[in-house]
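Colleague: need a 3D model of the following:
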Amino acid sequence: MNNLGLKILIVEDEVLIAEDLKDTLLSFGIGDIEMTHDKDGAMEALKSFDPDVVLLDIRMEKETDGIEIGEHISKNYQKPFIYITAHSDVEMIKKIVKTKPLAYITKPIKKSDLYGSISL
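Modeller: Got it, this is the predicted structure:
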């Protein structure tokens, strides 16, 4: 797969999942990747790294950290972000939709789903 020319920020509190996402992105030819594992790190990386796309876990330290970050991105950066989560209950999806994400991918992540969402 070719390099999509994207800078991608991974916000995932589980280090092994973040590393797996990074490896998958590298296999797509995407090499400009930064990872952070909490809300504060995400807020700083949005400024300093200036990603093109954010891969965002919903439930981190607090249950809604990811949604709060998504709202912040929508209001202040107008950058695409993709939620990645193991939780897909109706109430959570209602909260997710309000933040206007580019996509929503459930864990375990399929490479084809991730590539398709990022490519769009």
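
Colleague: ok, Glu44 - contacts?
Modeller: Thr36 (Cβ atoms under 8 Å, 6 or more residues apart in numbering). All C-beta atoms are positioned from the backbone trio N, CA, C, and that covers glycine.

Colleague: tell me the SS of it?
Modeller: Each residue gets one of three states, and Glu44 gets helix by DSSP: H, G, I helix; E, B strand; the rest coil.

Colleague: surely Ile10 is within a strand?
Modeller: Yes. Residue assignment for Ile10, taken from three-state DSSP, places it within a strand.

Colleague: separation between it and Ser119?
Modeller: In this structure, Ile10 and Ser119 are 17 Å apart, going by Cβ to Cβ, to the nearest Å.

Colleague: between those two, who's got more neighbours?
Modeller: With other Cβ atoms under 10 Å as the criterion, Ile10 and Ser119 differ in neighbour count, and Ile10 comes out ahead with 25 against 10.
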